[in-house]
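Enquirer: how would this look folded up:
(chains A and B)
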Amino acid sequence: MSTRLLSVRDLGITFLTDDGEIEVLRDVSFELNSGEVLGIVGESGCGKSMTALALIGLIPKPFGRISNGRILLEGEDLAVASEKRLRQVRGNDISMVFQEPMTSLNPVFTVGHQISETLRAHFDMSSRETWSRAIEMLKLVGIPSPEKRANEYPHQLSGGMRQRVMIAIALVCEPKLLIADEPTTALDVTVQAEILQLFRELQEKTGTAIILITHDIGVVAEMADRVMVMYAGKVVETGTARDFVYDPMHPYTHGLISCVPKLVHNPSYDPAPLLEIPGVVPSLRELKRTGCPFAPRCKNEIDKCRSAEPSLAEIADDHAVACWNRMETAW
Amino acid sequence: MSDETILEVKDLKVHFPLRNGAVVHAVDGVSFELKNGMAFGLVGESGSGKSTTALACARLVKATAGEIFLKGTNILDLDGEDMRQMRRFTQIIFQDPYASLNPRERAGAIVGRPLDLMRVGKPQERRKRVAELFEIVGLRPEQQELFPHQFSGGQRQRIGIARALATQPELVICDEPVSALDVAIQAQILNLLNRLKKDFGLTYLFISHDLAIVQYICDVIAVMYLGQIIEIGTKSELYGNPLHPYTNALISAVPSVENLGKADKGHVRLRGEPPSPISPPVGCRFAGRCSFALDSCKKSAPRLTRIKGEHMVACHRINSDGKLV
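Expert: A predicted model of the protein is given here:
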C-alpha cells in the first residue's frame, strides 16, 4: 500500500500570452503512494486540471511549458522526458478519465475497437487477444451483455455507460496512476453513485492510485484519502480527508465546505443562509505578486496578508496550510 | 405564503412526435399547484421532464393536453396580445448565463428590454428602474454600460436575474439557475434568490437535479420520473420521510461529508436505466429498477395518493398510512 508512486516537487507552469509569460502553477508539491486516492479541489481556474495535464505531458504546446520542478514517477522525472517516452507512459503507467464522456470518445469507432486500440498501442498483441480483453474490461466496469456492447458506437450508449467505457479504456493497461478530472460532473446523481462505487471496487482490485479532481465536497469526502486544495495556481492546504472535512485550516477551504448546501434528513431543518466566499477567482494576468492571492476574498485577512505571501507550512502530521491567520477551531 | 394560487397545472401532457411516427412522452399527466410566495421545486434526473414541464408553464413548448391556470386564467386558451401581456407575470432565469445574454447588447439594455417590450412606464422611468434592478441584484448601476463578456459567470447570472425581475413578475421559473456556476458563486446566487423571494414575495418554480440545493431553496418539492410526478410533499415531509423507493434512492445517492471514506457503503443502488419515454411501460414506470416491485406493479400504474398533509406518493407498495406493505 505505502510505496511512493509519484512525487511532484516545486512544479511551475507558465503560459505565453499577449501580455508576456504568466505563471499558471507555482510551487506545486505533493506525494502520492500506490493505492491512495488524492482529491484535488478548488474553483475553476485554480490550476487543478493544469496539474493533471502536466503529469501526463499534455500541457498545450507551444504556449505552455513546465518552467520549474520535477514530476517523479517511481523515480523517473517526467518533466524532462522525451515525447516518445511520454507516449509510452500515457495510457500505460498513467491514464486519464475526462469529464465529458461524449467528447472524449471517438464517434466513428465501436467502443470495443477503442478499448483494443489502447492495448495495441502499448503491447504486441493479436487483434483477437485485444478484442477478448476489451470484452473482459467492459464486463469489469459493469456493462451488461459486453459481447454485444463492444460492437456498438458511443452514441448508442447512455452517459453513464459511456463513462464506464472511458474507465475501461483508462484501466485496460492496468495503470499505476489513474487521473480522473471531474469524472461524474456531467452525470446524474444515481449514475454518479454507481461510477464512484466502481472506482472504489476497481481500485481495491487493482491497487491503482487515483487523483480525483472535483469541486464536489461530498465526492471528495467519500472517495479521497488525502485532499489538496488549490487556489490561483498554488496549493493552499493539504491534509487527510478527515482534516479537510472536520478541521479545515485555510479560510478558503473552510469557505468551500461551508458554501455548499448540505442535504439534511431532519424534518424540522430550516437552513441558515449559506456562508459566501465574496468575489471571484482572480485572473492570473491581474494577480499581484505580493501578498496572499486569496487575501481580497478572505474574512481572516490581516495586514501581513497584503505584504507577504505565505508558503505551505506543516502544522500537524500530514496537514499543511499556507496562511498567516488560519482558522482556529473546527466548525 | 398566502392561500392565493398563482399557478395551477392540471394533467399536463407534452408529447413530441418523431419523424418515424413514434411519440416521446416527455411529460405525461402532471398536476401541481403553486401558492403565492412559495418556492416549488421540481427535481429529477435528466429526461424526467422537469424542464419541459417548466417550459410548458411559460408556454415556450406546446402542451399536448391539460390545463395551466396562471392567476385563474387558463393560459393555454390565450393567444396573440392576451398571451403576450400574460408573459409579464411569468419570467425565466436560465441555466447558462453564457448562452442566455445577447453578447452584442449592453447589460443595461438587456435588463431594460422586457420593460421596453411591455411598455412599462416612460423611457426615463425605465432607466431609473434598470438602475434600481442593478442594485437589487448586487451590481453597480454604472456597470450597465458594459457588455456580457466583461462580467464573470456569477455576475452574468445576476444580470439574468435582474432581467427576470424587470416586469415585476409574480412567478419566476428558475431552470437550474446555479448548475453552471462554481461552488463559491452558487452560494452567492442561492442567497440572492432567497433574499429576493422574501423581499418581493416572489413565487418560484425551481428546477434542479441537486437535492441539497432544492432543500435549501424550496418549500414544496415534487420528484419526477419519466414524465410523471411520483412523490410530492413539503420539504420536511419529503426529506424527513421519503416514501417512494425512487425518492429514497435519489436522496441516498447524494455524496455527503457524513459518509467520510465510505463511497461504497450507505447508498441505495438502482439497477439499470430509466425506460424509454417513447414507449413507457404500462405499469409503474419505476418497477423495472425497483427492489420492492411485485408482479402487480408492472401491470397497473399507481396513482398519486395523499398520505398525510401535502404528502402524496404514487406507489403500489405504500399503504395509506405511508408504510411499505
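Enquirer: now the chain, which segments are flagged as low pLDDT?
Expert: All of this refers to chain A. Low-confidence segments of chain A, defined by pLDDT under 70: A:1, A:288, A:329-331.
Enquirer: please refer instead to chain B.
Expert: Ranges of chain B meeting pLDDT under 70: B:1-2, B:263-266.
Enquirer: now do the same contact list for the closest residue to A:Ala295 other than its chain neighbours.
Expert: Excluding its sequence neighbours, the residue lying closest to A:Ala295 (Cβ to Cβ, 6 or more residues apart in numbering or on different chains) is A:Cys305, at 4.2 Å. Bear in mind the C-beta positions are built from the backbone N, C-alpha and C, glycine included. Residues in contact with A:Cys305 (Cβ atoms under 8 Å, 6 or more residues apart in numbering or on different chains) are A:291-292, A:295, A:298, A:324-325.
Enquirer: so which of those residues is the most crowded?
Expert: A:Cys292 (28 neighbours; other Cβ atoms under 10 Å in any protein chain shown).
Enquirer: and A:Ile59, how far is that from chain B?
Expert: Relative to chain B, A:Ile59 is positioned 23 Å away (Cβ to the nearest Cβ, to the nearest Å).
Enquirer: try A:Glu174
Expert: Per Cβ to the nearest Cβ, A:Glu174 is found 21 Å from chain B.
Enquirer: what's near enough to touch A:Glu174?
Expert: A:Glu174 neighbours (Cβ under 8 Å, 6+ apart): A:206, A:208.
Enquirer: SS state for it?
Expert: For A:Glu174, the assignment made with DSSP: H, G, I helix; E, B strand; the rest coil gives coil.
Enquirer: distance check, it against B:Lys299.
Expert: Distance, A:Glu174 to B:Lys299, by Cβ to Cβ, to the nearest Å: 47 Å.
Enquirer: now the residue lying farthest from the centre of chain B: phi and psi?
Expert: Residue farthest from the centre of chain B, counting by Cα atoms, centre = their mean, is B:Gln124 at 34.7 Å. Main-chain dihedrals, B:Gln124, degrees, to the nearest 10: phi -70, psi -40.
Enquirer: distance check, it against B:Gly112.
Expert: 12 Å.
Enquirer: and for A:Asn33?
Expert: 58 Å.
Enquirer: can you pick out the residue with more neighbours from these two?
Expert: Comparing A:Asn33 with B:Gly112 by other Cβ under 10 Å, the one with more neighbours is B:Gly112, at 24 against 16.
Enquirer: which parts of the biggest helix by length in chain A are buried?
Expert: In terms of residue count, the longest helix belonging to chain A (DSSP state H) is helix A:189-206. Of the residues in helix A:189-206, A:189-200, A:202-203 count as buried by neighbour count, 16 or more other Cβ atoms under 10 Å in any protein chain shown.
Enquirer: so what's the residue in the stretch 1-150 of chain A that chain B sits nearest to up against?
Expert: In the stretch 1-150 of chain A, the residue found nearest to chain B is A:Glu43; the distance is 4.5 Å by Cβ to the nearest Cβ. Counting by Cβ under 8 Å, 6+ apart, A:Glu43 touches A:215, A:231, A:256, A:281, B:182-185.
Enquirer: grab the nearest non-local neighbour of it.
Expert: Nearest residue to A:Glu43, sequence neighbours excluded (Cβ to Cβ, 6+ apart): B:Asp182, at 4.5 Å.
Enquirer: ok, B:Pro281 next?
Expert: The shortest distance from B:Pro281 to any residue other than its chain neighbours is 5.7 Å, reached at B:Pro275 (Cβ to Cβ, 6+ apart).
Enquirer: so where do the helices sit in the chain?
Expert: As the question left the chain open, I've gone with chain A. Using DSSP H, the helices of chain A run over residues A:48-55, A:83-89, A:101-104, A:111-122, A:127-140, A:146-149, A:159-171, A:189-206, A:217-223, A:241-246, A:251-258, A:303-307.
Enquirer: my bad, the chain I had in mind was chain B
Expert: With DSSP H as the criterion, chain B has helices at B:50-57, B:80-86, B:107-117, B:123-136, B:153-165, B:183-200, B:211-217, B:235-240, B:245-253.
Enquirer: ok, which of the ones you listed comes nearest chain A?
Expert: helix B:235-240 (2.8 Å).
Enquirer: what does the closest one rub up against?
Expert: A:263-269, B:215, B:218-221, B:223, B:231-232, B:247, B:251, B:308-311.
Enquirer: mind running it again at 7 Å?
Expert: With contact meaning Cβ atoms under 7 Å, 6 or more residues apart in numbering or on different chains, helix B:235-240 is reached by A:264-268, B:215, B:218-219, B:221, B:231, B:247, B:251, B:309-311.
Enquirer: may I have that helix as CSV, with CA atoms only?
Expert: Output of helix B:235-240 as CSV, limited to C-alpha atoms (Å, rounded to 0.1, in the frame of the first residue of the first chain):
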residue,chain,number,x,y,z
LYS,B,235,-39.6,20.0,2.5
SER,B,236,-39.9,18.4,5.9
GLU,B,237,-42.2,15.6,4.6
LEU,B,238,-40.1,14.7,1.6
TYR,B,239,-36.6,14.8,3.2
GLY,B,240,-37.7,13.7,6.7
